[in-house]
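Peer 1: test case, fold it:
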Amino acid sequence: MPWKPYEFKGQTVYVRVLPAGKPIVHRGRVELRYKLGATKSYRASPENLVAIEGEIIPDAEMGGSKATGANADIREVPRNPPDADTITIYTDGACSGNPGPAGIGVVIERPEQVLELGEFIGSGTNNIAELAAILRALDELTEEERDARIHLYTDSGWCLGVLVGGWNAKANLELIEKIREHIKVMPNLELLKIKGHAGHEGNEEADRLATMSVRREESLTPRKRRRRRPEA
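Peer 2: Below you'll find the predicted structure:
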């Protein structure tokens with residue numbers, strides 16, 4: 001993953017970022033280095049960072065080691081761009097209290113149809129709800145769809161970390177393993193990061209479905225609708 005300059009406590013530092021330039025936050029901390037070519041990293045609170053003008057610096061130019069572990073495979077942009085047959089999925093989890101009543105929201109955009117699911121899953125944590133939403137979405141795909149190009153977006157960096165980023169999970173191992181079993185048989189599946197509450201239609205709808213199921217403490221009636229295609 002590349003680096004980008006930020007101001008940190010009055011001096012310019014270099015922070016590990018996603019390809020789009022957003023700092024990678026792992027367990028509430030960002031990775032930073034104090035100068036170009038430095039190999040030693042430090043952890044700091046993102047609240048102390050101030051955005052400044054500056055270009056994104058490839059890891060090779062930074063001079064340090066390549067991204068590993070938590071930063072290795074967390075992406076915002078798919079390696080393979082969507083085509084007419086791509087299945088696009090948005091998932092989200094919601095929890096009232098942590099733990100507390102929990103729900104999931106799933107939006108599956110197939111080439112001709114959109115499926116919306118909002119389900120109450122009982123008591124759980126935020127992480128359980130986020131994982132359950134991903135699992136529910138993959139469970140919904142048919143055997144014939146396993147080879148399709150699938151882009152699944154979640155705003156949970158933790159889920160991406162434990163599923164594709166090399167993080168070591170200490171809880172929710174059964175859910176994680178079930179999702180990994182799906183990943184093994186879906187060769188064109190990409191799990192991708194999306195910023196929550198940023199106006200992305202699919203993500204906002206998944207959030208609404210999850211939140212509504214928690215408020216009602218019951219699952220919503222699944223909704224199918226024809227997919228609207230952008231005009232040429």
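Peer 1: which SSE is immediately downstream of the least confident helix or strand in the chain by mean pLDDT?
Peer 2: The helix or strand of the chain with the poorest confidence is helix 59-62; it has a mean of 75 (mean pLDDT, DSSP states H and E). Remark: after helix 59-62, the chain's next helix or strand is strand 87-95, criterion DSSP states H and E.
Peer 1: report all helices and strands that that next one contacts.
Peer 2: Where contact means 3 or more C-beta pairs under 8 Å, 6 or more residues apart in numbering; DSSP states H and E, strand 87-95 is packed against strand 100-109, helix 126-140, strand 150-154, helix 201-216. Glycine gets a C-beta too; all of them are placed from N, C-alpha and C.
Peer 1: give me the buried positions along the least confident helix or strand of the chain.
Peer 2: Using 16 or more other C-beta atoms under 10 Å as the test for burial, helix 59-62 gives residue 62.
Peer 1: gap between that helix and the chain center?
Peer 2: Put simply, helix 59-62 sits 25 Å off its chain's centre (C-alpha atoms, centre = their mean, to the nearest Å).
Peer 1: coming back round to it: out of the helices and strands packed on strand 87-95, flag the one nearest residue 169.
Peer 2: Ranking the helices and strands packed on strand 87-95 by their distance to residue 169 (criterion: C-beta to C-beta) puts helix 126-140 first, at 9.1 Å.
Peer 1: can you tell me what sits against the closest one?
Peer 2: 89, 91-95, 98-99, 102-106, 108, 115, 117, 119, 121, 124, 152, 154, 156, 158-159, 163, 171-172, 175-176, 178-179, 182, 186, 189, 191, 206, 210 (C-beta atoms under 8 Å, 6 or more residues apart in numbering).
Peer 1: tell me the domain ranges of this structure?
Peer 2: Per automatic domain parsing, the structural domains of the chain span 3-66, 87-226.
Peer 1: hey, least reliable of these by pLDDT?
Peer 2: When the domains of the chain are compared on average pLDDT, domain 3-66 comes out lowest at a mean of 84.
Peer 1: centre of the chain versus stretch 15-29, how much separation?
Peer 2: Mean-position distance between stretch 15-29 and its chain equals 13 Å (C-alpha atoms, centre = their mean).
Peer 1: please name the nearest non-neighbouring residue to residue 11.
Peer 2: residue 34 (7.5 Å; C-beta to C-beta, 6 or more residues apart in numbering).
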